[in-house]
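> The sequence isn't on hand, but the structure is:
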(Lines give C-alpha, C1' and ligand atoms only; values in the text may rest on other atoms or scores of the structure.)
Protein backbone atom coordinates (compact mmCIF):
# COMPACT_ATOMS: atom_id res chain seq x y z
CA UNK A 1 0.00 0.00 0.00
CA UNK A 2 1.25 3.47 -0.86
CA UNK A 3 0.53 6.47 1.38
CA UNK A 4 -1.98 8.86 -0.13
CA UNK A 5 -0.24 11.82 1.53
CA UNK A 6 3.52 11.36 0.97
CA UNK A 7 3.74 8.42 -1.48
CA UNK A 8 5.78 6.19 0.86
CA UNK A 9 5.31 2.41 0.81
CA UNK A 10 6.17 2.12 4.52
CA UNK A 11 2.56 1.59 5.68
CA UNK A 12 0.82 -0.86 7.99
CA UNK A 13 -2.71 -1.83 9.04
CA UNK A 14 -3.93 -0.99 12.56
CA UNK A 15 -7.16 -1.92 14.31
CA UNK A 16 -8.98 0.53 16.60
CA UNK A 17 -11.50 -0.88 19.07
CA UNK A 18 -14.21 1.34 20.57
CA UNK A 19 -16.51 0.09 23.33
CA UNK A 20 -19.69 1.72 24.55
CA UNK A 21 -22.03 0.87 27.39
CA UNK A 22 -21.70 -0.44 30.90
CA UNK A 23 -20.21 -3.59 32.37
CA UNK A 24 -21.49 -5.41 35.42
CA UNK A 25 -23.85 -3.33 37.59
CA UNK A 26 -23.03 -3.86 41.29
CA UNK A 27 -26.34 -2.38 42.46
CA UNK A 28 -28.36 -4.77 40.27
CA UNK A 29 -26.20 -7.68 41.43
CA UNK A 30 -26.73 -6.85 45.13
CA UNK A 31 -30.46 -6.41 44.64
CA UNK A 32 -30.65 -9.71 42.74
CA UNK A 33 -28.63 -11.51 45.43
CA UNK A 34 -30.95 -10.16 48.11
CA UNK A 35 -34.11 -11.20 46.25
CA UNK A 36 -33.07 -14.45 44.57
CA UNK A 37 -29.92 -15.64 46.35
CA UNK A 38 -26.64 -16.47 44.62
CA UNK A 39 -28.27 -16.88 41.21
CA UNK A 40 -29.59 -13.32 41.51
CA UNK A 41 -26.05 -11.97 41.22
CA UNK A 42 -26.38 -12.64 37.51
CA UNK A 43 -28.99 -9.88 37.42
CA UNK A 44 -26.07 -7.46 37.51
CA UNK A 45 -25.24 -8.46 33.96
CA UNK A 46 -28.83 -8.09 32.69
CA UNK A 47 -29.33 -5.35 30.15
CA UNK A 48 -25.76 -4.19 30.20
CA UNK A 49 -25.87 -3.12 26.54
CA UNK A 50 -22.13 -3.17 25.95
CA UNK A 51 -21.18 -2.87 22.28
CA UNK A 52 -17.79 -3.18 20.62
CA UNK A 53 -16.88 -1.58 17.31
CA UNK A 54 -13.72 -2.43 15.32
CA UNK A 55 -12.26 -0.21 12.61
CA UNK A 56 -9.25 -1.01 10.42
CA UNK A 57 -7.00 1.77 9.14
CA UNK A 58 -3.84 2.08 7.11
CA UNK A 59 -1.16 4.24 8.75
CA UNK A 60 1.96 5.64 7.11
CA UNK A 61 5.03 5.09 9.28
CA UNK A 62 6.81 8.07 7.68
CA UNK A 63 4.27 10.91 7.90
CA UNK A 64 1.64 9.46 10.26
CA UNK A 65 -1.27 9.87 7.82
CA UNK A 66 -4.20 7.53 8.60
CA UNK A 67 -6.89 6.42 6.14
CA UNK A 68 -9.51 3.70 5.60
CA UNK A 69 -9.80 1.53 2.53
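Received it, and whenever you're ready, just let me know what you need. No experiment lies behind these values; they were computed from the predicted model shown.
> where in the protein is pLDDT low?
Across the chain, residues meeting the criterion (pLDDT under 70) sit at 21-29, 40-49.
> now the helices for it?
For the chain, the helices defined by DSSP state H occupy 26-36.
> residues near residue 16, how many?
10 (other C-beta atoms under 10 Å). Using the backbone N, CA and C atoms, a C-beta is placed for each residue, glycine as well.
> Quick one: end-to-end length of stretch 16-32, please.
With C-alpha to C-alpha, to the nearest Å as the measure, stretch 16-32 spans 35 Å from end to end.
> Residue 4 against residue 68, yeah?
No. With contact defined as C-beta atoms under 8 Å, residue 4 does not reach residue 68; the gap is 10.9 Å.
> Neighbour count for these two, which is higher?
residue 4 (12 against 7).
> State the distance from the more buried one to residue 18.
23 Å (C-beta to C-beta, to the nearest Å).
> So the residue of the chain most remote from its centre versus residue 5, what's the distance?
The centre of the chain is farthest from one residue, residue 35, which by C-alpha atoms, centre = their mean lies 32.9 Å away. Going from residue 35 to residue 5 by C-beta to C-beta gives 59 Å.
> cool, residue 30 as well?
From residue 30 across to residue 5, the span is 53 Å (C-beta to C-beta).
> same question, residue 17
Counting by C-beta to C-beta, the gap from residue 17 to residue 5 is 25 Å.
> Thank you, goodbye.
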